[in-house]
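K.L.:
have a look; sequence and predicted model below, questions after that.
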Protein chains: 2
Amino acid sequence: MAEREVDRSVSQTVKAQLALRDQILSGALRPGERISELQAVETTGASRTPVRMALVRLEEEGLLEAIPSGGFMVKAFSERDISDSIELRGTLEGLAARFAAERGVSARELEPLKECLAAIDELLRQVPISVDAFSSYVTLNARFHAVLTELSRSPPLIRQIDRASALPFASPSGFVMAQSALPEAQQILIIAQEHHRVVIDAIENREGARAEAVMREHARLAVRNLRLALRNRTHLDLLPALALIKTAND
Amino acid sequence: MAEREVDRSVSQTVKAQLALRDQILSGALRPGERISELQAVETTGASRTPVRMALVRLEEEGLLEAIPSGGFMVKAFSERDISDSIELRGTLEGLAARFAAERGVSARELEPLKECLAAIDELLRQVPISVDAFSSYVTLNARFHAVLTELSRSPPLIRQIDRASALPFASPSGFVMAQSALPEAQQILIIAQEHHRVVIDAIENREGARAEAVMREHARLAVRNLRLALRNRTHLDLLPALALIKTAND
DNA sequence: TGTATGCGTTGTGTATACATTATCGCGGGA
DNA sequence: TCCCGCGATAATGTATACACAACGCATACA
């Protein structure tokens, strides 16, 4: 090989996958646009084999779509696709919460969840919330959802939730960021926090149905707020995944 | 290349993927066993590149697991994994039924569903059901579920349900076959048919909650019956996916 | 006899060359 | 002027060669 610089700390496949995902989410590649392998090879620095592996993985992730005649294109999503994805995720998380409640969770396992809760409470005490604090909130919120998912102790379900969150707008951080575009953002976050509190309580008391219901309600609220946020597109550039939304909605 | 025979009717990648999946489901490759690329190249007739693509796809499908040090192994499932997968699928189908009911379905779109229903009714009239008829039943039942899924009109949800059904024991045909191992199999199929009838009715009357509830109940029944079937492993060899079950359960 | 080290073999990760197919443009004919 | 067909070009699908890492075995030393 020529003077190609090879970073041996991570596999070329992973490097290419990360680089391509970044290009897609940053909007450098537009929805519907065909992805050229050759071009991807140049921009990622990997050779064709790992690039192809990365493309296959990104297709499975849902960010790319296979073109029947060959190759891949960036997937385009409608507003409906997005709200459905959020509701889908909420439904799966509801199942996770129910599993956690029914199967029982020790106080020790519940601890990380309560820590998240407390940390978020602390953040929300600021009015208005600072940019840094909001960034911490996004991380903490994602962590809360991830821990909750784990508590289901169901590998197939955890796997499926991870897959559902691959679509950036369906991830906890994704829709929090979208909601933050609304003027009443802080109010929304406080309500969300209330949901978090209820789900912990329901799990502690082994009330599966209640735990499930609140998570689904949580997602439905997120859907409503996302719709509102999409109406008045003021600060919506906060959401990087916006690049994936079809310009012409269905 | 040498005298390797190439079948140009389908892509090598797809051919390799099908061949490997077949090997896994038939039990030729045992759960936990490492899959050697070289060996896969020999048995599938494709070369390493398409074999590797197939392996990546099968990993995303959930049939394989990546080994940290490199390569893939056949994934092993516990009984819990299986029942969780079925319940997961039922939850997703419940959401699909609710979407269909809430979003409205024309009489014309409901037609294929009713045809499946009627055809299955016809089959179940036989007592006892013949082997051929049972085989038709499996096909029709899978079709019923697939059509119902489509009626949700939600591409993200449809995609997720497809992914959930990739695990053979979570597919409609998979758990029907498992249930058939029970002595009261025919009785079970009649109850399942009743569920089908109710979900159609609920969709027609736009009762989302009822449509969802019955699909979830449908899956819960399947879980119970699968558990029973796994207890008395009499005719369970009907289920090819059995090869994936861990011998040592957790 | 047990353990550690080194070498060999096997297998995956990567790169690239080759084959084949799709796409686009140009030219000729209706 | 429009449509059909053919050819060139570019991009994908496939095969294979090379590099490196991991595992195992054997041997030597404690």
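P.N.:
Yes, it's here.

K.L.:
check whether the spatially closest residue to A:Arg34 that is not a sequence neighbour sits in a helix, strand or coil.
P.N.:
Among residues not flanking A:Arg34 along the chain, A:Met73 sits closest, at 4.8 Å (CB to CB, 6 or more residues apart in numbering or on different chains). Backbone N, C-alpha and C define where each C-beta goes, glycine included. With DSSP: H, G, I helix; E, B strand; the rest coil as the basis, A:Met73 sits in strand.

K.L.:
and A:Met73, how many neighbours does it have?
P.N.:
Neighbour count of A:Met73, defined by other CB atoms under 10 Å in any protein chain shown: 17.

K.L.:
likewise for the one 5 residues further on?
P.N.:
A:Ser78 is surrounded by 15 other residues when neighbours are defined as other CB under 10 Å.

K.L.:
so how far is A:Gly32 from the residue nearest to A:Arg34?
P.N.:
Distance of A:Met73 to A:Gly32, given as CB to CB, to the nearest Å: 6 Å.

K.L.:
tell me the contacts of the residue nearest to A:Arg34?
P.N.:
Counting by CB atoms under 8 Å, 6 or more residues apart in numbering or on different chains, A:Met73 makes contact with A:32-35, A:64-65, A:67.

K.L.:
next one: A:Gly94
P.N.:
By CB under 8 Å, 6+ apart, the contact list for A:Gly94 reads A:211-213, A:215-216, A:219.

K.L.:
pLDDT at the residue of chain A found nearest chain B, what is it?
P.N.:
Going by CB to the nearest CB, chain B is nearest to A:Glu60 of chain A, at 3.7 Å. pLDDT recorded at A:Glu60 is 91.

K.L.:
tell me which element it is part of?
P.N.:
Using DSSP states H and E, A:Glu60 sits in helix A:48-61.

K.L.:
please compute how far stretch A:86-96 lies from its chain's middle.
P.N.:
12 Å (CA atoms, centre = their mean, to the nearest Å).

K.L.:
can I get it in PDB, CA atoms only?
P.N.:
Extracted in PDB, the C-alpha atoms of stretch A:86-96 (Å, rounded to 0.1, in the frame of the first residue of the first chain):
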ATOM      1  CA  ILE A  86     -40.600   7.800  19.400                       C
ATOM      2  CA  GLU A  87     -43.800   6.100  20.300                       C
ATOM      3  CA  LEU A  88     -42.300   2.800  19.300                       C
ATOM      4  CA  ARG A  89     -39.400   3.400  21.600                       C
ATOM      5  CA  GLY A  90     -41.800   4.400  24.400                       C
ATOM      6  CA  THR A  91     -43.700   1.200  24.000                       C
ATOM      7  CA  LEU A  92     -40.500  -0.900  24.200                       C
ATOM      8  CA  GLU A  93     -39.300   1.100  27.300                       C
ATOM      9  CA  GLY A  94     -42.700   0.500  28.800                       C
ATOM     10  CA  LEU A  95     -42.200  -3.200  28.400                       C
ATOM     11  CA  ALA A  96     -38.800  -2.900  29.900                       C
END
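
K.L.:
would you confirm that the residue of chain A closest to chain B contacts B:Glu60?
P.N.:
Yes: look at A:Glu60 against B:Glu60 with CB atoms under 8 Å: they come within range, at 3.7 Å.

K.L.:
who touches both of the two?
P.N.:
In contact with both A:Glu60 and B:Glu60: no residue, using CB under 8 Å, 6+ apart.

K.L.:
which secondary structure elements does the lowest-mean-pLDDT helix or strand in chain A sit against?
P.N.:
In chain A, the helix or strand scored least confidently by mean pLDDT, DSSP states H and E is helix A:172-179, which has a mean of 80. With contacts taken as 3 or more CB pairs under 8 Å, 6 or more residues apart in numbering or on different chains; DSSP states H and E, helix A:172-179 sits against helix A:131-150, helix A:185-204, helix A:208-231.

K.L.:
could you check how far A:Val127 is from A:Ala181?
P.N.:
18 Å.

K.L.:
so the two - more neighbours on which side?
P.N.:
In terms of neighbours (other CB under 10 Å), A:Ala181 is the more surrounded of A:Val127 and A:Ala181; the figures are 22 against 6.

K.L.:
can I take it that the more buried one is in a helix?
P.N.:
No: according to three-state DSSP, the state of A:Ala181 is coil, so it is not within a helix.

K.L.:
I'd assumed A:Ala229 was in contact with it.
P.N.:
Yes: the criterion here is CB under 8 Å, and A:Ala181 meets it with A:Ala229 at 4.3 Å.

K.L.:
what number of residues lie near the residue nearest to A:Leu221 when sequence neighbours are not counted?
P.N.:
Distances taken as CB to CB, 6+ apart place A:Ile191 nearest to A:Leu221, at 6.8 Å, with adjacent residues excluded. Counted with other CB under 10 Å, residues neighbouring A:Ile191 total 14.

K.L.:
same deal with A:Cys116?
P.N.:
Counted with other CB under 10 Å, residues neighbouring A:Cys116 total 22.

K.L.:
what's the nearest residue to it if we skip its chain neighbours?
P.N.:
A:Cys116's closest residue in space is A:Phe144 (CB to CB, 6+ apart), at 4.2 Å.

K.L.:
likewise for A:Ile120?
P.N.:
Take A:Ile120 and drop its neighbours on the chain: the residue closest to it by CB to CB, 6+ apart is A:Leu140, 5.2 Å away.

K.L.:
please check the contacts of A:Met73 and keep the buried ones.
P.N.:
Buried residues within the contacts of A:Met73, counting neighbours by 16 or more other CB atoms under 10 Å in any protein chain shown: A:35, A:64-65.

K.L.:
in strands only, show me these.
P.N.:
Judged by DSSP state E, the buried ones among the contacts of A:Met73 include A:35, A:64-65 as members of strands.

K.L.:
so which of those also contact DNA strand D?
P.N.:
Restricting those to those near DNA strand D by CB under 7 Å from any atom of the strand leaves A:Ile35.

K.L.:
how many other residues sit next to the closest residue to A:Ala243 other than its chain neighbours?
P.N.:
In space, and not counting its chain neighbours, A:Ala243 is closest to A:Gly27: 3.3 Å by CB to CB, 6+ apart. Using other CB under 10 Å, A:Gly27 has 14 neighbouring residues.

K.L.:
now swap in A:Leu95 and tell me
P.N.:
Neighbour count for A:Leu95, taken as other CB under 10 Å: 28.

K.L.:
which is the next helix or strand following whichever helix or strand it is part of?
P.N.:
Using DSSP H and E, A:Leu95 falls within helix A:79-103. Moving toward the C-terminus from helix A:79-103, the next helix or strand (DSSP H and E) is helix A:107-124.

K.L.:
what angle separates that next one from helix A:131-150?
P.N.:
160 degrees (axes from the mean of the first three to the mean of the last three CA atoms, to 10 degrees).

K.L.:
with just CA atoms, put helix A:107-124 into PDB.
P.N.:
Presented in PDB, the C-alpha positions along helix A:107-124 are these (Å, rounded to 0.1, in the frame of the first residue of the first chain):
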ATOM      1  CA  ALA A 107     -32.700  -1.500  46.200                       C
ATOM      2  CA  ARG A 108     -29.000  -1.600  45.200                       C
ATOM      3  CA  GLU A 109     -29.800  -1.900  41.500                       C
ATOM      4  CA  LEU A 110     -32.300   1.000  41.800                       C
ATOM      5  CA  GLU A 111     -29.600   3.200  43.200                       C
ATOM      6  CA  PRO A 112     -28.100   4.500  39.900                       C
ATOM      7  CA  LEU A 113     -31.600   5.400  38.700                       C
ATOM      8  CA  LYS A 114     -32.200   7.400  41.800                       C
ATOM      9  CA  GLU A 115     -28.900   9.100  41.500                       C
ATOM     10  CA  CYS A 116     -29.800  10.200  38.000                       C
ATOM     11  CA  LEU A 117     -33.100  11.500  39.300                       C
ATOM     12  CA  ALA A 118     -31.400  13.500  42.000                       C
ATOM     13  CA  ALA A 119     -28.800  14.900  39.700                       C
ATOM     14  CA  ILE A 120     -31.400  16.000  37.200                       C
ATOM     15  CA  ASP A 121     -33.500  17.600  40.000                       C
ATOM     16  CA  GLU A 122     -30.400  19.600  41.000                       C
ATOM     17  CA  LEU A 123     -30.000  20.800  37.400                       C
ATOM     18  CA  LEU A 124     -33.600  21.800  37.000                       C
END
